[in-house]
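Participant: Sequence and predicted structure below; questions after.
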Amino acid sequence: MPSVLGLLEAREKKVREEVARLRAALGEAEAALQRLVDARVTVTEVLAEPSCVVAEPRSAVAGSVVPHRAEGMEASVLAPDYERIVSVLESEAGREGVRCQQLAVALGLEAVPAKVEGLRSKAKRLVERGWARQVRPGVFTALAAPAG
């Protein structure tokens, strides 16, 4: 039969280990809290300062929605990925139509299925919004003028 002191020592050891684990977790939580406090203070300071530099806004950013093309709109209003696709479609190589695999190569991407399908999706979105046309299945070219 185990001794009472032995049982108490084992229990004490187990509780000490739990306390050490909780102290480590508390230290991590306190560090995370301090980072959040510092971030809030920094943002508050930045927002309180008068802005003396006015950044020139860009019409689109990566991941933004492709706008429907209207009269006078240039490709520069598109997100950078879409703008690059339109530039390839408008190039000499794109005049007769470009397959998505060729488009991937022209953009400097690997012609692997994941990249090609991503480009196909973007090209179809450009067609839907009046920036390009699909001359036959899987072959795209740029539009000479805005549609509609």
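Facilitator: Ah, there it is.
Participant: use CA for all of it now, contacts and neighbours both
Facilitator: Noted.
Participant: Low-confidence ranges, this structure, go.
Facilitator: 51-64, 144-148 (pLDDT under 70).
Participant: can you give me the helices in it?
Facilitator: With helices called from DSSP state H, the chain shows them at 4-48, 80-90, 100-106, 113-128.
Participant: got the contact list for residue 137?
Facilitator: Not one residue lies near residue 137 by Cα atoms under 8 Å, 6 or more residues apart in numbering.
Participant: quick one: which of the helices of the chain is nearest residue 141?
Facilitator: Closest to residue 141 of the helices of the chain, according to Cα to Cα: helix 80-90, at 5.1 Å.
Participant: buried set for the closest one?
Facilitator: 80, 82-86, 88-90 (16 or more other Cα atoms under 10 Å).
Participant: For that helix, which helices and strands make contact with it?
Facilitator: helix 100-106, helix 113-128, strand 139-142 (3 or more Cα pairs under 8 Å, 6 or more residues apart in numbering; DSSP states H and E).
Participant: Out of these, which is the most enclosed?
Facilitator: Of the helices and strands packed on helix 80-90, the one with the most neighbours on average (mean count of other Cα atoms under 10 Å) is strand 139-142, at a mean of 24.
Participant: in its sheet, what does it sit against?
Facilitator: Its sheet considered, strand 139-142 pairs with strand 98-99 (antiparallel), strand 132-136 (antiparallel) by DSSP bridges.
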